[in-house]
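Enquirer: sequence plus predicted model, see below.
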Amino acid sequence: MELKELGNTGVMIPEIGLGTWRYRGGVEPLQKGIELGATLIDTAEGYGTEEIVGKAVKGMRDRVFIATKVSGRRLGYDDVLRAAEGSLSELGTDYIDLYQVHWPNSSYPMKETMRAMEALVERGIARFIGVSNFGNDELREASAALRHVPIVSNQVLYNLNERGIEKDLLPYCLANGITVLAYTPLDDGNLASKPRFMSSKRIRVLEEISRETGKTTAQVALNWCTSRENVIAIPKSDSVERTVENCGASGWRLPDSDIARLDSAF
Ligand SMILES: NC(=O)c1ccc[n+]([C@@H]2O[C@H](COP(=O)([O-])OP(=O)(O)OC[C@H]3O[C@@H](n4cnc5c(N)ncnc54)[C@H](OP(=O)(O)O)[C@@H]3O)[C@@H](O)[C@H]2O)c1
């Protein structure tokens, strides 16, 4: 499993993590992923999966990097502190590696939310803070509101079919030492075994590259994501077999010519 630096923290995390939105796989797929080096697990207070993540990492907490999120619905100072305490209890741990604001919410002053995020780091409850679904302006505002700790990550939609971040957000994150956690990197399975809503040209190119490289289409799609310097992909799978397949998207690199073919077909 290839590693990448989280922001400018010096901490290395795997380029493939394990998503858990709508996760119903029990502990085995997560434990298999960890065994294969996918030691980053993404969850959220809103997913209802923190408890199973806690069970999966029991006895090996130190080896795992847990990312969870405070819901965008409650971002007042006390709300954020309470939400983090709730996550600690659900996860059965006494610290969160990466605590993220799930969605920006203009009903709450950014300063207030970020002060709370900062307080969590100062109290040792969170090691690092990140955000999710933030655009450039929101990232700027959040960074300006922080006094002592940086924003190290932004979790956003990114896959071959959804490349909207490439114009402004991805370059901004790269320039500012913010790691992008690409969510829905398989386009909800569409880029994996059964493409449903894709043009025949896209399917043909993906399948050709899959045949030529001897990798599955899911592995090609994930490797394309992580070929971007500061991008980490967090696919979700309920199955041990597909988790193994997704972890096999790391440890090799698509040739530049294939990345260019994908870039032009999608
Ligand atoms: N921050 C946010 O707002 C936000 C939003 C969405 C998602 N996320 C995060 O990103 C994670 C991943 O996104 P996602 O769950 O939306 O979508 P995804 O990972 O792109 O796709 C998940 C779907 O693909 C299937 N799948 C996974 N690996 C496969 C493979 N190798 N072959 C065939 N099918 C495969 C899964 O089915 P099986 O489970 O049956 O394998 C599931 O139906 C989430 O779990 C969550 O942690 C964050």
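Expert: Looks like it arrived, so ask away. Numbering: from 1, shown residues only.

Enquirer: rest of the way, CA atoms for contacts and neighbours
Expert: Will do.

Enquirer: what does the worst-scoring helix or strand of the chain on mean pLDDT rub up against?
Expert: Of all the helices and strands that make up the chain, the one with the lowest confidence by mean pLDDT, DSSP states H and E is helix 200-213; it has a mean of 94. Residues from elsewhere that reach helix 200-213 (CA atoms under 8 Å, 6 or more residues apart in numbering): 195, 216-217, 220-221, 258, 261-262, 265-266.

Enquirer: switch to 10 Å and redo it
Expert: Residues from elsewhere that reach helix 200-213, judged by CA atoms under 10 Å, 6 or more residues apart in numbering: 160-161, 191-192, 194-198, 214-221, 254-255, 258-259, 261-262, 264-266.

Enquirer: ok, which stretches of the stretch 1-150 of the chain are helices?
Expert: Counting by DSSP state H, counting those that start in this stretch, residue ranges of the helices within the stretch 1-150 of the chain are 27-35, 50-56, 77-91, 110-122, 136-145.

Enquirer: residue 237: which of those is closest?
Expert: Comparing those by their distance to residue 237 (CA to CA), the top pick is helix 27-35, with 7.4 Å.

Enquirer: what about the closest one and the ligand, touching?
Expert: No - judged by CA under 6 Å from any ligand atom, helix 27-35 stays clear of the ligand, getting no closer than 9.6 Å.

Enquirer: okay, how far is it across stretch 167-187, tip to tip?
Expert: From the first residue to the last, stretch 167-187 extends over 19 Å; the measure is CA to CA, to the nearest Å.

Enquirer: near residue 158, how many other residues are there?
Expert: By the measure other CA atoms under 10 Å, the count of residues near residue 158 is 23.

Enquirer: next, residue 92: phi, psi?
Expert: Residue 92 has phi and psi values of phi 70, psi 40 when expressed as degrees, to the nearest 10.

Enquirer: mind putting the helices of the stretch 1-150 of the chain into TSV with mean pLDDT and mean neighbour count?
Expert: Listed next are the helices of the stretch 1-150 of the chain as TSV, based on pLDDT from 0 to 100; neighbours: other CA atoms under 10 Å:
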stretch	mean pLDDT	mean neighbour count
helix 27-35	98	20
helix 50-56	98	20
helix 77-91	98	19
helix 110-122	98	20
helix 136-145	97	16
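
Enquirer: ok, which of those helices comes nearest residue 43?
Expert: Ranking the helices of the stretch 1-150 of the chain by distance to residue 43, with CA to CA as the measure, places helix 50-56 first at 6.1 Å.

Enquirer: ok, residues contacting the closest one?
Expert: When contacts are defined by CA under 10 Å, 6+ apart, helix 50-56 is touched by residues 20, 23-32, 34, 41-45, 58, 61, 66-68, 86-93.

Enquirer: go again using 7 Å as the cut-off
Expert: By CA atoms under 7 Å, 6 or more residues apart in numbering, the list of residues contacting helix 50-56 from outside reads 26-27, 30-31, 43-44, 87, 90-92.

Enquirer: ok, now stretch 65-73?
Expert: Identification of contacts with stretch 65-73 by CA under 7 Å, 6+ apart yields 39-46, 80, 83, 96-105.

Enquirer: on that earlier part again, what about the contacts of helix 200-213, which are in helices?
Expert: Cross-referencing the contacts of helix 200-213 with the helices (criterion: DSSP state H) gives 217-221, 258-259, 261-262, 264-265 as the overlap.

Enquirer: ok, of the residues you listed, which one's closest to residue 156?
Expert: Closest to residue 156, out of all of these and judged by CA to CA, is residue 221, at 16.1 Å.

Enquirer: any idea how far the ligand is from the closest one?
Expert: In this structure, residue 221 lies at 10 Å from the ligand, with CA to the nearest ligand atom, to the nearest Å as the measure.

Enquirer: could you do residue 228 as well?
Expert: For residue 228, the distance to the ligand (CA to the nearest ligand atom) stands at 17 Å.

Enquirer: now do the SS call for that residue.
Expert: On the three-state scheme (DSSP: H, G, I helix; E, B strand; the rest coil), residue 228 is labelled coil.
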